[in-house]
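Participant: return atomic coordinates for the entry below.
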Amino acid sequence: MARRTSDRERGFALSRVIAIVNDKGGVGKTSIAANLGGQFAGAGYRTLLVDLNRQANLADDLGYRGTDIDDEGAGLLGSVISGTPLRPAEDVRPQLDVVCGGARLEDLTPIMVSRLQHHGREAFRVLGDVLAPVAADYEVVFVDCPPESTILTDLALASARWVLMPTKSDLGGLLGMTLVAERFTLAREINSRLGLLGVVLFATGTRARAVQGEALAAIDEAFGGSSPRFETTIRHAERTAQDARRLGKLAHELEVEAAAQPAWWEELRSGSRTRRVSATAASVAGDYRALGIEVLTALQAAEDAEKSEKGRRPRAGARRKARA
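Facilitator: The predicted model follows:
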């Protein structure tokens, strides 16, 4: 009986953990994790980002690489080894905490290989075990998954309640998505509550309707013809992406900075040569705002449906403190 109670508490704590997954690199996983996390936190939602990527690109997007909080994944590795709760770096932004990734996660793969030999696929539950004690303190948790690392992806899938899958409309992005669909099915053997929250097209031309249609058909085929898809697409804006990594700022932060900078003709008149922030940041920030609304709406709808199916049970939203 004690085990069942523990499992219920674990399930509740992890009920708003969203793994952002695609086996292909460069399809927007880190950008979506960082920007949704930053926007949710800015809207008052207590948010946690977990970085499972050895390259730790979240550190660049959020501007903390090489700072005192950047442990390069040592804390995450130590928690998995010892079974002790994760200890996030606090207030990377107001209301936004991060479990850092980095080079130390190189050691995680051989550790998990050894555990798999002794415990089978149940070994993948360990990330959820060390995440659950802290996840209950947050309203949304995003896990940024690395590309082409099935073991680290399986750790995330065994711990998450939901999968959010970005993909590009090219062959590589769609192939990566198909590979994850296969791992998704395997993960449900040990995490039966895992569900697909939605698929989002990333870095796609806003007018490329034919290409988008072909991509959406491929998404349906990969997930059995009934895949939830977000209407919002994140547009391709190379200059804004470069500004984000260069400055360690999110799209909505760049939007504010772009609006505050003097007009280009004023800089010409004054002889100033400062590097300007691209005005496309406002459009990209708008895309992330629209996607954020869709994500929250999908979460609420799924939780309401689950509540009506299973009778009275607490929702993850009940963790939220009363706000105006």
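
Participant: could you pull out the strands for the stretch 201-324 of the chain?
Facilitator: Counting by DSSP state E, counting those that start in this stretch, no segments of the stretch 201-324 of the chain form strands.

Participant: can you check the stretch 1-150 of the chain too?
Facilitator: 17-20, 47-51, 89-93, 96-99, 140-144.

Participant: out of those, which is closest to residue 168?
Facilitator: Checking the strands of the stretch 1-150 of the chain against residue 168 by Cβ to Cβ gives strand 17-20 as the closest, at 14.3 Å. For glycine as for every other residue, the C-beta is placed from the backbone atoms N, C-alpha and C.

Participant: in the sheet, which strands lie alongside that closest one, parallel or antiparallel?
Facilitator: In the sheet containing strand 17-20, its partner strands are strand 140-144 (parallel), strand 162-167 (parallel), by DSSP bridges.

Participant: and the residue lying closest to residue 102 once chain neighbours are set aside, what pLDDT?
Facilitator: Take residue 102 and drop its neighbours on the chain: the residue closest to it by Cβ to Cβ, 6 or more residues apart in numbering is residue 72, 3.0 Å away. pLDDT for residue 72: 97.

Participant: can you count the residues close to residue 115?
Facilitator: 15 (other Cβ atoms under 10 Å).

Participant: now do the nearest residue to it once chain neighbours are set aside against residue 149, distance only.
Facilitator: Setting aside the residues directly before and after it, residue 115 is nearest to residue 123 in space (Cβ to Cβ, 6+ apart), at 3.9 Å. Per Cβ to Cβ, to the nearest Å, residue 123 is found 16 Å from residue 149.

Participant: nearest residue to residue 138 other than its sequence neighbours?
Facilitator: Residue 138 sits nearest to residue 48 (Cβ to Cβ, 6+ apart), 4.4 Å away.

Participant: and that neighbour, what does it touch?
Facilitator: Listed by Cβ atoms under 8 Å, 6 or more residues apart in numbering, the contact set of residue 48 reads 37, 88, 96-99, 134-135, 137-138, 140-142.

Participant: list the helices and strands the helix of greatest length in the chain packs on?
Facilitator: Secondary structure of the chain per DSSP state H: the longest helix is helix 281-310. With contacts taken as 3 or more Cβ pairs under 8 Å, 6 or more residues apart in numbering; DSSP states H and E, helix 281-310 sits against helix 29-42, strand 162-167, strand 195-201, helix 238-247, helix 251-260.

Participant: mind doing that once more with 7 Å?
Facilitator: Helix 281-310 sits against helix 29-42, strand 195-201, helix 238-247, helix 251-260, with contacts defined as 3 or more Cβ pairs under 7 Å, 6 or more residues apart in numbering; DSSP states H and E.

Participant: what number of residues lie near residue 184?
Facilitator: Quick note: residue 184 (other Cβ under 10 Å) scores 22 neighbours.

Participant: list the contacts for it?
Facilitator: 157, 163, 194 (Cβ atoms under 7 Å, 6 or more residues apart in numbering).

Participant: got the buried residues for stretch 103-122?
Facilitator: By neighbour count with 16 or more other Cβ atoms under 10 Å, stretch 103-122 contains the buried residues 104, 105, 108, 112.

Participant: show residues contacting that stretch.
Facilitator: Here stretch 103-122 has contacts from 52, 54, 72-74, 76-77, 80-81, 123, 151-152, 189-190, using Cβ under 7 Å, 6+ apart.

Participant: which phi and psi does the residue nearest to residue 63 when sequence neighbours are not counted have?
Facilitator: Ranked by Cβ to Cβ, 6+ apart and with sequence neighbours excluded, the top spatial neighbour of residue 63 is residue 248, at 2.2 Å. Dihedral pair for residue 248: phi 70, psi 40, per degrees, to the nearest 10.

Participant: report the contact partners of residue 248.
Facilitator: Residue 248 neighbours (Cβ under 7 Å, 6+ apart): 60, 61, 62, 63.

Participant: check residue 156 too.
Facilitator: Shown in contact with residue 156 (Cβ under 7 Å, 6+ apart): 19, 21, 52, 127, 143, 145.

Participant: make JSON lines out of these and add neighbour count.
Facilitator: Shown next, in JSON lines, are the contacts of residue 156 (neighbours: other Cβ atoms under 10 Å):
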{"residue": "19", "neighbour count": "31"}
{"residue": "21", "neighbour count": "29"}
{"residue": "52", "neighbour count": "26"}
{"residue": "127", "neighbour count": "28"}
{"residue": "143", "neighbour count": "28"}
{"residue": "145", "neighbour count": "28"}
